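In: the following block contains a protein sequence and its predicted model.
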Amino acid sequence: MHDLKAVSSLFDLRGDFVHGYSYGSGHINDTYCIWVDQAGQRLRYILQRVNHNVFKQPIPLMENVKRVTDHALKRLKEEQCPEAYRRTLTLVPSVDGKPYALDADGNCWRVYPFIERARTYDQIETTRQCQEAARAFGEFQKLTADLPGEPLFETIPDFHNTTSRLAALKEAIQSDPLGRVKEVQKEIDWYLSREADCHLVVDYLKSGELPLRCTHNDTKLNNVMLDDVTGEGICVIDLDTTMPGSAIYDFGDMIRTATSPAAEDEKDTSKVTMRMFMFEALVQGYLSSAKSFLTPLEKSLLPFSGKLLTMECGIRFLTDYLSGDVYFKIHRPEHNLDRCRTQMALVESIEAQMDEMKAVVDRY
């Protein structure tokens, strides 16, 4: 483990390091909870090392996080929110006033005050939790909708560019480094038959028909902290992929990750389904905070967004399988293929219910 006391000394914590330990269930960054004694009062902070293998330019990433969190806090204060510092992440500056610190090995670190009396849930258990998490993501987009200045730095270029994802699949099919194409022709044909869908949002963004927004881009529902007492979604976390994007991407990933009862790598695809009651909870929560700024086109594309983001994820799994499983960690030989097929089943469930999904959105 890293020397947490030494790293903590790089930040303006105004106190004495007591102890720290690994914290949370994240797979990308190294996350620790540290206790600091400030004049006799012990407080908790979150200390994180940014994974520079995933995020190649951590300093521009941290400048993004600083801009977004500062602006969200400013907006919350303007609205006279009584819990402004609990409703957004805030960065503790380093001793030299930066929103990050570099250790002796060049690792990039950051510190957030610990948000008390709230937690995240790896498994969403109720429609209320689903609704609250979606409302919090909508609120996050609302708070950052008027972010001033230049566009945010793109921390992972073309992250949700489905045209680029499809092009990468075609390249993997063409090169076929492990000779796997012949085993998965059915899956390849399935995705290629939906090629037009992959271009739709990208083309709308290029033409300006869809606005480029400040979006989270990783809207798994465990990236929202829910209040321990009220269950209210109070704070969106994990801002590393916050960058320019479409509201469609954020809502679509909520549908992909929240509406099916099956695991992402479920072998029995008959268990995969888009549950309408979970979709309605997402719509109700999200539009309660996002309806005021979404354009009519954005709202009309909300049902389609789930299909698009699920296809994108399936394309990535299939591409990785054809390429030799080089990106996603696997635990069995056809793990990525199982994941790919699960996404296909979810897309088909969404397609079968699209008219009803549109009717749900129209009700809100």
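Out: Perfect, thanks for sending it. Numbers count the residues shown, from 1 in each chain.

In: contacts only, for the residue positioned nearest the centre of the chain.
Out: In the chain, the residue lying closest to the centroid (Cα atoms, centre = their mean) is residue 218, at 0.9 Å. Listed by Cβ atoms under 8 Å, 6 or more residues apart in numbering, the contact set of residue 218 reads 238, 240-241, 253. All C-beta atoms are positioned from the backbone trio N, CA, C, and that covers glycine.

In: pLDDT value on it, please?
Out: Residue 218 is assigned a predicted lDDT (pLDDT) of 94.

In: measure it to residue 159 for me?
Out: Note on residue 218: its distance to residue 159, by Cβ to Cβ, to the nearest Å, is 9 Å.

In: got any residues that touch both of those two?
Out: residue 241.

In: pretty sure residue 176 contacts residue 322?
Out: Yes. The pair residue 176 / residue 322 is scored as a contact, 6.7 Å apart, by Cβ atoms under 8 Å.

In: could you point out the helix or strand that follows whichever strand or helix holds residue 112?
Out: Assigned by DSSP states H and E, residue 112 belongs to strand 108-113. Note on strand 108-113: by DSSP H and E, the next helix or strand toward the C-terminus is strand 118-119.

In: ok, back up a step: between the contacts of residue 218, which has the most around it?
Out: Within the contacts of residue 218, residue 253 tops the neighbour count with 26 neighbours, counted by other Cβ atoms under 10 Å.

In: what's near enough to touch that one?
Out: Counted by Cβ under 8 Å, 6+ apart, residue 253 has contacts 217-220, 309.

In: which one of these has the most neighbours?
Out: Neighbour counts for the contacts of residue 253, by other Cβ under 10 Å, peak at residue 219, which reaches 30 neighbours.

In: re earlier: and the contacts of residue 253, which of them are in helices?
Out: residue 309 (DSSP state H).

In: next, format the contacts of residue 253 as a markdown table and append distance to residue 45.
Out: A markdown table is the format used below for these (distance: Cβ to Cβ, whole Å):
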| residue | distance to residue 45 |
| --- | --- |
| 217 | 25 |
| 218 | 22 |
| 219 | 25 |
| 220 | 23 |
| 309 | 33 |
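
In: just give me the closest of the contacts of residue 253 to residue 342.
Out: Closest approach to residue 342 among the contacts of residue 253 (Cβ to Cβ): residue 309, at 13.7 Å.

In: that closest one contacts residue 252, correct?
Out: Yes. Residue 309 lies in contact with residue 252 (Cβ under 8 Å); the separation is 3.3 Å.

In: on that earlier part again, and the contacts of residue 218, which two are the farthest apart?
Out: The span of the contacts of residue 218, defined through Cβ to Cβ, is set by 240 and 253 at 14.7 Å.

In: all strands of the stretch 1-150 of the chain, in order?
Out: With DSSP state E, counting those that start in this stretch as the criterion, the stretch 1-150 of the chain has strands at 16-22, 30-38, 41-49, 101-102, 108-113, 118-119.

In: I'd like to know how many residues surround residue 263.
Out: By the measure other Cβ under 10 Å, the count of residues near residue 263 is 12.

In: kindly report the same for residue 162.
Out: 21.

In: one more: residue 308?
Out: The burial count for residue 308: 27, using other Cβ under 10 Å.

In: distance of it from residue 160?
Out: Relative to residue 160, residue 308 is positioned 9 Å away (Cβ to Cβ).

In: who does the nearest residue to residue 136 once chain neighbours are set aside bridge with?
Out: Take residue 136 and drop its neighbours on the chain: the residue closest to it by Cβ to Cβ, 6 or more residues apart in numbering is residue 233, 3.2 Å away. Residue 233 has these beta-bridge partners by DSSP bridges: residue 226.

In: contacting residues for residue 233?
Out: Applying Cβ under 8 Å, 6+ apart, the residues near residue 233 are 132-136, 139, 224-227, 285.

In: one more time with 6 Å
Out: 132-133, 135-136, 224, 226 (Cβ atoms under 6 Å, 6 or more residues apart in numbering).

In: tell me the most buried of the strands of the stretch 1-150 of the chain?
Out: Of all these, strand 108-113 has the most neighbours on average by mean count of other Cβ atoms under 10 Å, namely a mean of 22.

In: so it versus strand 41-49, what angle?
Out: 150 degrees (axes from the mean of the first three to the mean of the last three Cα atoms, to 10 degrees).

In: counting contacts, what elements does strand 108-113 pack onto?
Out: Contact here means 3 or more Cβ pairs under 6 Å, 6 or more residues apart in numbering; DSSP states H and E; on that basis strand 108-113 packs against strand 41-49.

In: the same query, at a cut-off of 7 Å, please.
Out: strand 41-49, helix 58-78 (3 or more Cβ pairs under 7 Å, 6 or more residues apart in numbering; DSSP states H and E).
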